[in-house]
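**Student:** Sequence and predicted structure, then a few things I'm wondering about:
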Amino acid sequence: MSSYLPTLKQLQYLVALKEQGHFGKAADSCFVTQSTLSAGIRELESLIGVTLVERTRRVVRFTALGDRIVEKAHRVLREAEELAAIAQASGKPLSGELRMSVIPTIAPFLLPRLLPRLRSDRPELKLYLREETSQAAIESLRHGNVDCVLLALPFPMGDMESEILFQDRLYVAFPKDEPTNPPEWIDPDMIDESKLLLLEDGHCLKDHALAACNRPDLRASTTMMGTSLHTLIQMVDNGLGVTMIPEMAIASGILEHTNITARPVDSARSSRDIALVWRRNSPREKEFHLLAGILRDAAVTSCRLPEAA
């Protein structure tokens, strides 16, 4: 066997650079300095005797061979992760390292309740979290960068396994007295398209909100977008429009200190399914089912409104 083989660390650096398109961002994602990452990629190029990346002051451009090697590196890293997962699965369940991506419309509302319980019940578990949008999270899972994803369905996942944890009802949030004496349930026809505020593209909650409206013509203009649920709430509280928010956000207190009124939307698709997602045939599948149970139990007391519990 050749003693001049690329290291996994070098392949990780190369893949990160391809994904981020920037040396600094790639280094941050690998938790190393930019000089360390750059040196690692240069060592890889020297080892195999070819140029993989064309470097300029403004652009990082991969060569055709560089793109092919990145594809192969993804597979090598994924296989290496599976080797580690096999060993991990043979030990005590939910111990050691576990990497999980969580989407932004779940993380701030469920994790504060979940993490203390996990630390108490599973002190040997080292949970590493990353917050990213749904598509980015699925890509991270597919490439082996994370072990599982906390996601809201429906969302195209490809060849993944999942376990639904609970349903998260959607509510219409509107400024005080707009309308006056609102009904207990909001019919989608009551929503004024010109006042609808949605999350920007990349957030699955935007698609879930549009589906709940049950009106294919309903679309928000580019001037009516927010980068986060907290931003949307501030916009609504200042009378700029209405939006849709999940029940778990309300239960966590996102409407406190505002004059916003929220009512559940009356629609056949008025909720999203919160699910734990992992790669098919993962050696840690039993652990993920166990984690799903813990997440489900935590959600019962922290993600439901009293009248909906």
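**Tutor:** Alright, I've got the coordinates.

**Student:** contacts, neighbours, all on C-alpha from now
**Tutor:** OK.

**Student:** Quick check: Glu247 vs Glu82, distance?
**Tutor:** 36 Å (C-alpha to C-alpha, to the nearest Å).

**Student:** Over to Gln34?
**Tutor:** Gln34 sits 28 Å away from Glu82, going by C-alpha to C-alpha.

**Student:** circling back to that earlier point, so for Glu247 and Glu82, which sits in the more crowded spot?
**Tutor:** The residue with more neighbours, out of Glu247 and Glu82, is Glu247; 23 against 18, by other C-alpha atoms under 10 Å.

**Student:** Contacts only, for the spatially closest residue to that one that is not a sequence neighbour.
**Tutor:** In this structure, Glu247 finds its nearest non-sequential neighbour in Arg169, 5.3 Å apart by C-alpha to C-alpha, 6 or more residues apart in numbering. By C-alpha atoms under 8 Å, 6 or more residues apart in numbering, Arg169 lies in contact with 246-247, 264, 270-272.

**Student:** tell me the SS of Arg169?
**Tutor:** Following DSSP: H, G, I helix; E, B strand; the rest coil, the label given to Arg169 is strand.

**Student:** residues touching Glu45, list them.
**Tutor:** 51-52.

**Student:** Could you rerun that using 10 Å?
**Tutor:** Residues in contact with Glu45 (C-alpha atoms under 10 Å, 6 or more residues apart in numbering) are 6, 10, 39, 51-53, 66.

**Student:** how close does it sit to Thr51?
**Tutor:** Using C-alpha to C-alpha, we find Glu45 at a distance of 6 Å from Thr51.

**Student:** same check, this time on Pro123
**Tutor:** Computed as C-alpha to C-alpha, the Pro123 to Thr51 distance reads 46 Å.

**Student:** quick one: contacts for Gly40?
**Tutor:** By C-alpha under 10 Å, 6+ apart, the neighbours of Gly40 are 6-7, 9-14, 34, 46.

**Student:** which residues in this structure form helices?
**Tutor:** Using DSSP state H, the helices of the chain run over 8-20, 23-30, 34-48, 64-89, 107-121, 134-142, 204-213, 229-237, 247-251, 285-302.

**Student:** Can you get me a residue count around the residue nearest to Glu124 when sequence neighbours are not counted?
**Tutor:** Once flanking residues are discounted, Glu124 sits nearest to Ser95: 4.8 Å by C-alpha to C-alpha, 6+ apart. Applying other C-alpha under 10 Å, we find 16 residues neighbouring Ser95.

**Student:** List the residues that are in contact with both of Glu45 and Thr51.
**Tutor:** Residues touching both Glu45 and Thr51 (C-alpha under 10 Å, 6+ apart) are Gly66.

**Student:** How many residues are close by Ser46?
**Tutor:** Ser46: 12 surrounding residues under other C-alpha under 10 Å.
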